[in-house]
Each structure stands twice: as C-alpha cells, then as structure tokens.
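Peer 1: My questions are about this predicted structure, shown below with the sequence.
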Amino acid sequence: MINLEIPDPFETFVAKKYASYKGLMYDFFAKEWYLKAACCGEDLYAPNKKTMTKIRLYHTRNECLGGY
C-alpha cells in the first residue's frame, strides 16, 4: 500500500527545528504551552504562560520534590 498523504512542510520544519530544544514551547496546532519537567521528565501542558509557570512551580515543589 502506498501512502499518498503529502506532509505539511511547515509542520515538518517546526518538528525538525525544535527536536532537541529543551524548555517552554508553544504548540501551534494544539494552541497550548508544553514543557517537559526537568526534575522528573513528566510532560506538562497549559493554555497560557502564566498558568504554565504556576503548574511548573507547584509540580516541582510539591509533587516531585515532596515539598520543602
């Protein structure tokens, strides 16, 4: 079977450009912010940067490191 689907050049470009990037990224297609937590590697998602900061701090301080 031959796959006749043509890949989207913009999606391919973005995927290759940010393949090795670590940090806060905006997913253009899902319209949300994405981050892989540095302490445990868990994926975090949020609708905006302000909420992502709150989620990251709460996750790092309370869930991963057990509070401080």
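Peer 2: Sure thing, it's come through.
Peer 1: From now on I want contacts and neighbour counts done on CA atoms only, so please keep to that.
Peer 2: Noted.
Peer 1: Can you show me the helices along the protein?
Peer 2: 9-17, 49-58 (DSSP state H).
Peer 1: now the ones you listed as TSV including distance to Asp43?
Peer 2: Shown next, in TSV, are those (distance: least, C-alpha to C-alpha, whole Å):
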stretch	distance to Asp43
helix 9-17	17
helix 49-58	10
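Peer 1: Let me know which of the ones you listed is tucked in deepest.
Peer 2: helix 49-58 (a mean of 14; mean count of other C-alpha atoms under 10 Å).
Peer 1: mean confidence for that helix?
Peer 2: The pLDDT scores in helix 49-58 average 92.
Peer 1: can you list contacts of that helix?
Peer 2: Contacts to helix 49-58, defined as C-alpha atoms under 8 Å, 6 or more residues apart in numbering, come from residues 33, 37, 44-46.
Peer 1: the strands in the protein, which residues?
Peer 2: 25-27, 32-36, 43-46 (DSSP state E).
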